[in-house]
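K.L.:
Pasted the sequence and its predicted model underneath.
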Amino acid sequence: MTTPSEPSIDPSLSVIMSERRQLINLAYRLLGSLADAEDVVQETYTRWYAMTPEQQEAIQSPGAWLTKVAGRICLDVLGSARARRERYVGEWIPEPLPKPSEWVTADPADRVTLDESINMAFLVVLESMTPAERVAFILHDVFRYSFAEVGEIVGRSEVACRQLASSARRRIRASQASAAPAARPDIVSDFKQAWEAKDIKALVGLLDPDATAVIDGGGLVSAGLRPIEGSEQIARYLLAIAGMSPGLTLLERTVNGQPGLVAQLDGVTVTVAAFDVTGDRIKQIWAVRNPEKLRPWTVQPQP
């Protein structure tokens, strides 16, 4: 009597799917949006499985092929993003991410690895770059692809890609030129306590006189449509929020690899704030209130 054979598993499938996290990490850094990154990865795999088995077998490095396709899709998305951002209601901020241990998504492959290329200040600088600069810089300087490989993705010569990455580095250096090491590692904690105590003097003292606060509501929730400038103006805005939301709970959390704050109402995350500290003062606050950008913070894991 013969024993039924076990169903065979295509060994190439595990190889292909193992690239998913790398692709998510790449696409998020390029686009600043987890939702868009997931769409890019889905489209990348759709193109892979649209090929015949013979076409797939002819590809010597499936991982390199997937990266190349994902990079090109991201380049296309970045090209259309500026037009979409012009229609966006209010200020647009990259999607904030918790640290890996606090992700509520069920799939570990969707979790973005946190490093210095993921902090909010870095992502905001990336937004000022051209699509080609951003792709060339991230692929070469962050993911260590050669300029020859980058050139295949962006459709430029190796020399042109070197120039794109160099231009991107100048933008990064310019944004960091005035930055000084943070002298108060607990400044976000102090800021939280001052906000909870409604201590306007303490809040102003923790903020740089020329500080800026940017709030992203996406037109879905109330948020300032323009940046709030100046320490006193920001402090008064924060106290106004506290007055309108007496049940607001502030939690210290890691936001894109840096100390940040999460605001909750009735256990639901309504705001995630990231900070840029220069010396011993807060120079920049980025507060995301758009609920569509808070999925990693609000969706409950399945039992």
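P.N.:
On my side now, so go ahead.
K.L.:
need the strands for this structure, in chain order.
P.N.:
With DSSP state E, the ranges of strands along the chain come out as 207-216, 228-229, 249-255, 258-265, 268-278, 281-288.
K.L.:
buried set for the first one?
P.N.:
Within strand 207-216, the residues that count as buried by 16 or more other Cβ atoms under 10 Å are 207, 208, 211, 212, 213, 214, 215, 216. C-beta: built from backbone N, CA, C; applies to glycine.
K.L.:
Now do the buried residues in the top helix by length along the chain.
P.N.:
In the chain, assigned by DSSP state H, the helix with the most residues is helix 62-87. Neighbour counts over helix 62-87 (16+ other Cβ under 10 Å) mark 62, 65-75, 77-78, 81 as buried.
K.L.:
Show me where the stretch 201-303 of the chain dips below the pLDDT cut-off.
P.N.:
Residue ranges of the stretch 201-303 of the chain with pLDDT under 70: 299-303.
K.L.:
packing partners for the longest helix of the chain?
P.N.:
Helix 62-87 sits against helix 11-17, helix 20-31, helix 34-49, helix 131-137, helix 147-154, with contacts defined as 3 or more Cβ pairs under 8 Å, 6 or more residues apart in numbering; DSSP states H and E.
K.L.:
how about low-confidence regions in the stretch 1-150 of the chain?
P.N.:
1-15, 101-111.
K.L.:
please redo it, this time with the cut-off set to 80
P.N.:
For the stretch 1-150 of the chain, the stretches flagged by pLDDT under 80 are 1-18, 81-86, 100-116.
K.L.:
The closest residue to residue 30 other than its chain neighbours: what's it in contact with?
P.N.:
Once flanking residues are discounted, residue 30 sits nearest to residue 74: 4.3 Å by Cβ to Cβ, 6 or more residues apart in numbering. Shown in contact with residue 74 (Cβ atoms under 8 Å, 6 or more residues apart in numbering): 26, 27, 30, 31, 40, 135.
K.L.:
What is the most widely separated pair among these?
P.N.:
40 and 135 (12.1 Å; Cβ to Cβ).
K.L.:
Roughly how far does the most centrally placed residue in the chain sit from residue 159?
P.N.:
The residue lying closest to the centre of the chain (Cα atoms, centre = their mean) is residue 32, at 4.1 Å. The gap separating residue 32 from residue 159 is 28 Å, by Cβ to Cβ, to the nearest Å.
K.L.:
Distance-wise, check the closest residue to residue 146 other than its chain neighbours relative to residue 166.
P.N.:
Once flanking residues are discounted, residue 146 sits nearest to residue 140: 7.5 Å by Cβ to Cβ, 6+ apart. Per Cβ to Cβ, residue 140 is found 10 Å from residue 166.
K.L.:
Comparing those two, which residue is more hemmed in?
P.N.:
Taking neighbours as other Cβ atoms under 10 Å, residue 140 and residue 166 compare with residue 140 leading, 19 against 12.
K.L.:
Quick one: residues contacting residue 233.
P.N.:
Contacts of residue 233 (Cβ under 8 Å, 6+ apart): none.
K.L.:
what angle separates the longest helix of the chain from helix 20-31?
P.N.:
30 degrees (axes from the mean of the first three to the mean of the last three Cα atoms, to 10 degrees).
K.L.:
and the angle from helix 62-87 to helix 34-49?
P.N.:
Going by the same axes, to 10 degrees, helix 62-87 makes 140 degrees with helix 34-49.
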